[in-house]
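> Sequence and computational prediction follow.
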Protein chains: 2
Amino acid sequence: MSAKGEVKFIGLVESSGELSRIKIFREFCIGLEGLNNFSHIIVLYWFHLRDNDEERYILKVIPRRHPGAPQVGVFASRSPSRPNPIGLCVVKLIKIEECTVTVKGLDALEGSAIIDVKPYIPRADVILEAQVPEWASRGPPT
Amino acid sequence: MSAKGEVKFIGLVESSGELSRIKIFREFCIGLEGLNNFSHIIVLYWFHLRDNDEERYILKVIPRRHPGAPQVGVFASRSPSRPNPIGLCVVKLIKIEECTVTVKGLDALEGSAIIDVKPYIPRADVILEAQVPEWASRGPPT
């Protein structure tokens, strides 16, 4: 097996804030059909500002947004500096107009590329009893 | 902005079943430190068998594992045939021994490449009230 793969950017975060606007590129836009029947979606995006050799070699981080967090491995954090600069965020779907998807709660910066959108399905994605270390319960969710 | 990015494979699904064994490649292994303090993790993997032009141009699918599902856009499904063949699965962490992570509930095939591991954090990832169309409540979770 090869050691790498290629991701195509399928869209872009056009504006971010309490509500964020995601523009899906026209060639992929038909893939949104039926998404409006879900109340929440999982957005996978590309931390475009972290896509460089230096940040992609970081394997230990101090999650600074979580006061008192110890240094941990990058896979034990949601840090944007990681071998593959992929962000994951569960958001509320507000509306879809043509190729533009408006969502609430997206933590991606304006200009981030979108690499996938998936429906959020509670049967698969809700783990009520999941436990986290104490530091992860302080500060913002991720 | 460029239209694509490069993902590095950071590991491999060594065996799959009720319990699955993920081998993280030695160079990335230190990134697992502290992950054992989380009970559940999000695994992002690469549908290696779908990484070809034909499957990556599919934008409409019939989710056949869900009886009665209509044709929908690929972003309204968890289908492995999609522009970026990235799978997402929330799993229970059983144990970590050196570079080998044993998990329960991974739906990735043996031989799939791993592209990221993230801690599952209920404050960010649990949406109890999320709603799905009726077809998505039939058949397996995804």
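Cool, the structure landed.

> Show residues contacting stretch A:15-27.
Residues outside stretch A:15-27 that contact it (C-beta atoms under 8 Å, 6 or more residues apart in numbering or on different chains): A:9-14, A:31-32, A:43, A:91, A:94, A:99-104, A:106, A:108-110, A:114, A:117, B:75. Glycine gets a C-beta too; all of them are placed from N, C-alpha and C.

> chain center to it, what's the gap?
Remark: stretch A:15-27 is offset 13 Å from the chain centroid, using C-alpha atoms, centre = their mean, to the nearest Å.

> for the record, mean pLDDT for it?
Throughout stretch A:15-27, pLDDT has a mean value of 97.

> picking up where we left off before, so how do I select the buried members of the contacts of stretch A:15-27 in ChimeraX?
Buried residues among those (16 or more other C-beta atoms under 10 Å in any protein chain shown), as a ChimeraX selection:
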select /A:9,10,11,12,13,31,32,43,91,99,101,102,103,106,108,114,117 /B:75
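
> Out of the contacts of stretch A:15-27, which sit inside helices?
Among those, no residue falls in helices (DSSP state H).

> Strands of chain A, residue ranges please.
In chain A, the strands defined using DSSP state E lie at A:4-8, A:11-15, A:19-24, A:40-46, A:60-61, A:72-73, A:86-97, A:100-104, A:113-119.

> Does A:A108 touch A:Y45 like I think?
Yes. Between A:A108 and A:Y45 there is a contact under C-beta atoms under 8 Å: 4.6 Å.

> Find the residues that touch each one of these two.
Shared contacts of A:A108 and A:Y45, counting by C-beta under 8 Å, 6+ apart, come down to A:V13, A:G87, A:C89.

> could I get these as JSON lines with distance to B:P140?
Formatted as JSON lines, the shared contacts of A:A108 and A:Y45 follow (distance: C-beta to C-beta, whole Å):
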{"residue": "A:V13", "distance to B:P140": "32"}
{"residue": "A:G87", "distance to B:P140": "27"}
{"residue": "A:C89", "distance to B:P140": "24"}
